[in-house]
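Participant: Quick one: sequence plus predicted model below, questions after.
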Amino acid sequence: MSLITMIIQDVILGVVQGLTEFLPVSSSGHLNIAKHLMGMEDGGIFLDVMLHLGTLLAVVIFYHKLIWRLIKAFFSLIKDIFTGRFKWSQMDSDRNLIVMLVIGLIPLFLLFAPIPGTDMKVKDLAELFSEGKYFIVVGLSLLMTSLLLFVGNLCNKRAASGRHFRDADSNYEGKGKTRYNVIDAVVVGIGQCFAAIFPGLSRSGTTLAVGEMRGINKQAALDYTFILAIPSIIAAAALEIKDVDASMLTSDSIIAVLCGVVAAAVVGYLAIWLFKWLLKTDKMIIFVIYTLLAGITVTIISVYEITTGSFVSFV
């Protein structure tokens, strides 16, 4: 394969990763769709890791002010805990966010639970379902994403009759709770676990929708979703990087991957901005319809491939 072809493929995957990592349409599902339609059995673990790091760069740049605040609040929180001055009831919005992020990450340890009767762990299902023969899982998971977004959007609409507020502490304005409690964080964390298993089930869409179902203000739920993505992406990359075979890397493949990373970072930054704007202007129905149509299309293609034994490819 020529360098130009490799760059084009990796840039396409970078654009898909950047656009779908943060929009509620599932990056894993769309990467599987893109690879499937380009006839790629696998883009390589190294490529997957690097594209994840590209989107990580995007969210860090976009939220750099909030992240810096949280870092300072974290060390201040640790200091108060060790000096005995910490009081749960007196946490400000930044400290509350830090604590709830930690709690929201705890359910991810369920991914390392063994599956009875096999030598697999729960997290291994994600790799299994990403194989071409399980392409139908992507379609069904996209349909589930559409349903979750619809229900979350409905819950947000019903909250419209609630009291309008402006929280000076957190700078959120609108309706709903601005702070997560322990139950909220655990439920969102469990939702993130399911999204990590099923390609096509959007992580950002699931965590946002679950937050809205729990009565969280939509902008607060979205910020929590994006900040929660940082440790999640780092953990996913750390788990995958150990399986990278450095001997398989060439100068051409590295150049192509770096082009994909740049595409993922740039498009990812724009996707965060777009998502926040669409949520603020109550246009989430766009993603409900899109994931519904995408899910139906992928499911139909999958059923056709299963029944005919033919492989659908556009290249």
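Facilitator: Sure, I can see it. Numbers count the residues shown, from 1 in each chain.
Participant: Point to the residue nearest the middle of the chain.
Facilitator: residue 203 (3.6 Å; CA atoms, centre = their mean).
Participant: for that one, what are its contacts?
Facilitator: By CB atoms under 8 Å, 6 or more residues apart in numbering, the residues touching residue 203 are 26-27, 192, 195-196, 225, 229, 232. Quick note: C-beta positions are derived from backbone N, CA and C, even for glycine.
Participant: separation between it and residue 28?
Facilitator: In this structure, residue 203 and residue 28 are 8 Å apart, going by CB to CB, to the nearest Å.
Participant: thinking again about what came up before, export the contacts of residue 203 to CSV and tack on neighbour count?
Facilitator: Shown next, in CSV, are the contacts of residue 203 (neighbours: other CB atoms under 10 Å):
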residue, neighbour count
26, 30
27, 25
192, 24
195, 27
196, 22
225, 24
229, 24
232, 21
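Participant: In strands, which of these appear?
Facilitator: The strands, defined by DSSP state E, take in nothing from the contacts of residue 203.
Participant: Dump those into TSV; add distance to residue 125 as well.
Facilitator: Converted to TSV, the contacts of residue 203 look like this (distance: CB to CB, whole Å):
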residue	distance to residue 125
26	15
27	17
192	15
195	12
196	9
225	23
229	21
232	17
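Participant: and which of the residues you listed is nearest residue 61?
Facilitator: Of all the contacts of residue 203, residue 229 has the smallest distance to residue 61: 13.2 Å, by CB to CB.
Participant: and the residue lying closest to the closest one once chain neighbours are set aside, what element?
Facilitator: Excluding the flanking residues, the one nearest residue 229 by CB to CB, 6 or more residues apart in numbering is residue 59, at 5.8 Å. Under the criterion of DSSP states H and E, residue 59 resides in helix 45-62.
Participant: Buried residues in that helix, which are they?
Facilitator: 45-59, 62 (16 or more other CB atoms under 10 Å).
Participant: pLDDT on stretch 285-295, on average?
Facilitator: Stretch 285-295 carries an average pLDDT of 94.
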